[in-house]
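[1] What follows is a predicted structure for the sequence shown.
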Amino acid sequence: MKISRTYLVLVLGAALVGVSGYVLARFIGQGSLPDGLIQANGRIEGDHVTVASKFPGRIVELHAREGAKVTKGAVLIRLDDVQMRAKVDQAARLVDTESAQVEAAHTQLAVLNLEVPLSIEAASAKVASANAAVAKARAVEYEARQDVGRMRALIREQAVSQQQLDQAEARWKVAVTEISVAKASLDHATKELGQAELGWQRIRAKEAEVAALERQRDQADAALAEARSILQDLTIVAPADGTVTTRMVDVGEVVAGGAPLLELVDLDKLYLQVYVPEVQIGKIGLDLPARIYTDAFPDQPFEATVRYIASKAEFTPKEVQTPDERVKLIYAVRLYVKDNPEHRLTPGLPADAIIRWMDNAAWVRPR
């Protein structure tokens, strides 16, 4: 039986439509996710840490280049520190000198605190003894003077001889002289006491000197600490574990203070930045759980949490080549990795993510 060409075309067209529909249905069925899950993809990124020097200097050692993994505290760069080491040595010698002066002044102050009270006590004793000598001399003079008076009254009655009167008058003169000598001794002892009491002023002066020397020593200590701090800062260490992503300098270059030298990414603070279509962004909220899958570790999902959702939409990144895809609005979402064991995840690694926005949704792998 002869089949018309039109009929044959219709039959073949229907068959093609059926096959295409079956294939499309299979594809859609494989790519769909259970309700409550959203799939997205992107690349692993991290918070960048810029390493810089507090002070200018010439780079003499460079221990890390692009791609190097470094641990916190590892030496990255050394700047020329010859001059600063000399300043540290000079400051240390000055501290030693000032400390020795302070110690000597403290010793002198301690001696004064012992000597001055003893000197005052000894001088006071001399004053007391001189006062007693003056009192005794006056008593002797008074008795001698009374004797002379009596002798003069008796001489007129010829009851005593002239010789006895002369002897009494001589004793009186000696007693008068003894008073003068005792008074002179008292004056000398009083001056010694005054001189000894000046020791309190010497103590106060020495205390002021000690305080001044201690301030100078403290200033020297501070200068030494500052010099040591600068010397330490000339050795630049990694502020955290990470990977060197950018190097701006090389050995021999002179850098300014604050100029960026290296950039690190902290491997313990990685995140996957994905883009969610506008029609699905309403299902995404902060603190939602997510799982990240990589080709490098297909059987090990990494737990993550939604920590950032862009407040403004943007167009699909220009890497998407299809014109109708490029005009779609999307939102940037960051999924922060909870744990990165053995630092398996690294910046730049492509990854897929499943975000669960319904608590009862069962986890599935990306499709």
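    Everything's here; your move. Numbering: from 1, shown residues only.

[2] Low-confidence stretches in the stretch 1-150 of the chain?
    Applying pLDDT under 70 to the stretch 1-150 of the chain picks out residues 1-31.

[3] what about the helices in it?
    Under the criterion DSSP state H, counting those that start in this stretch, the stretch 1-150 of the chain carries helices at the ranges 5-31, 82-156.

[4] who does the longest one touch, helix- and strand-wise?
    The elements that helix 82-156 packs onto, with contact taken as 3 or more CB pairs under 8 Å, 6 or more residues apart in numbering; DSSP states H and E, are helix 162-197, helix 199-233. In short, each C-beta sits where N, CA and C put it, glycine included.

[5] swap the cut-off to 10 Å and go again
    Packed against helix 82-156 by the contact rule (3 or more CB pairs under 10 Å, 6 or more residues apart in numbering; DSSP states H and E) you find strand 57-62, helix 162-197, helix 199-233.

[6] list the buried ones in the last one?
    Residues of helix 199-233 classed as buried by neighbour count (16 or more other CB atoms under 10 Å): 199, 203, 206, 210, 213-214, 217, 220, 223-224, 227-228, 230-231, 233.

[7] Kindly reformat the helices and strands packed on helix 82-156 as a markdown table containing distance to residue 145.
    A markdown table is the format used below for these (distance: least, CB to CB, whole Å):
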| stretch | distance to residue 145 |
| --- | --- |
| strand 57-62 | 96 |
| helix 162-197 | 5 |
| helix 199-233 | 42 |
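
[8] which one of these lies closest to residue 87?
    When these are ranked by distance to residue 87, counting by CB to CB, first place goes to helix 199-233 at 4.9 Å.

[9] and that closest one, what's its mean pLDDT?
    Mean pLDDT, helix 199-233: 96.

[10] Which elements pack onto the helix or strand just after it?
    Moving toward the C-terminus from helix 199-233, the next helix or strand (DSSP states H and E) is strand 235-237. Judged by 3+ CB pairs under 10 Å, 6+ apart, strand 235-237 is in contact with strand 37-52, strand 57-62, strand 75-79.

[11] Quick one: residues in contact with strand 235-237.
    The contact list for strand 235-237 (CB atoms under 10 Å, 6 or more residues apart in numbering) reads 51-54, 57, 59, 61-64, 70-79, 81, 261-262.

[12] among those residues, which ones are buried?
    Neighbour counting by 16+ other CB under 10 Å classes 51, 53, 57, 59, 62, 64, 70, 76-79, 81, 261-262 among the contacts of strand 235-237 as buried.

[13] What is the nearest of those to residue 358?
    If you rank the buried ones among the contacts of strand 235-237 by distance to residue 358 using CB to CB, residue 70 comes first, at 41.3 Å.

[14] ok, what's across the strand from that closest one?
    Listed by DSSP bridges, the beta-bridge partners for residue 70 are residue 242.

[15] Now do the same contact list for it.
    Neighbours of residue 70 in contact, by CB under 10 Å, 6+ apart: 51, 63-64, 76, 237-244, 262, 264, 267.

[16] so what's the most centrally placed residue in the chain up against?
    Closest to where the C-alpha atoms of the chain average out (CA atoms, centre = their mean) is residue 229, at 10.1 Å. Each residue near residue 229 by CB under 10 Å, 6+ apart is listed here: 54, 88.

[17] Look up how far residue 91 lies from it.
    11 Å (CB to CB, to the nearest Å).

[18] what do you get for residue 70?
    Distance from residue 70 to residue 91, by CB to CB: 32 Å.

[19] One more: residue 329?
    Using CB to CB, residue 329 is found at 63 Å from residue 91.

[20] With residue 51 instead?
    28 Å.

[21] and the helix or strand containing residue 333 with strand 37-52, angle?
    According to DSSP H and E, residue 333 maps onto strand 329-337. On the basis of axes from the mean of the first three to the mean of the last three CA atoms, to 10 degrees, strand 329-337 is oriented at 70 degrees to strand 37-52.

[22] So, low pLDDT: which residues of the stretch 251-367 of the chain?
    Scanning the stretch 251-367 of the chain for pLDDT under 70 picks out the ranges 316-327.

[23] For it, which segments count as strands?
    With DSSP state E, counting those that start in this stretch applied, the stretch 251-367 of the chain shows strands at 254-255, 260-277, 289-294, 302-309, 314-315, 329-337, 350-356, listed in chain order.

[24] Let's have these in JSON lines, adding distance to residue 137.
    Shown next, in JSON lines, are the strands of the stretch 251-367 of the chain (distance: least, CB to CB, whole Å):
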{"stretch": "strand 254-255", "distance to residue 137": "90"}
{"stretch": "strand 260-277", "distance to residue 137": "93"}
{"stretch": "strand 289-294", "distance to residue 137": "110"}
{"stretch": "strand 302-309", "distance to residue 137": "103"}
{"stretch": "strand 314-315", "distance to residue 137": "115"}
{"stretch": "strand 329-337", "distance to residue 137": "103"}
{"stretch": "strand 350-356", "distance to residue 137": "114"}
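
[25] Which one of those strands lies nearest to residue 193?
    Of the strands of the stretch 251-367 of the chain, nearest to residue 193 by CB to CB is strand 254-255, at 71.1 Å.

[26] Which secondary structure elements does that closest one sit against?
    Contacts defined by 3+ CB pairs under 10 Å, 6+ apart place strand 254-255 against strand 57-62, strand 75-79.

[27] quick one: strands adjacent to the longest one?
    What it means is strand 57-62. Take DSSP bridges as the rule and strand 57-62 pairs in its sheet with strand 75-79 (antiparallel), strand 254-255 (antiparallel).
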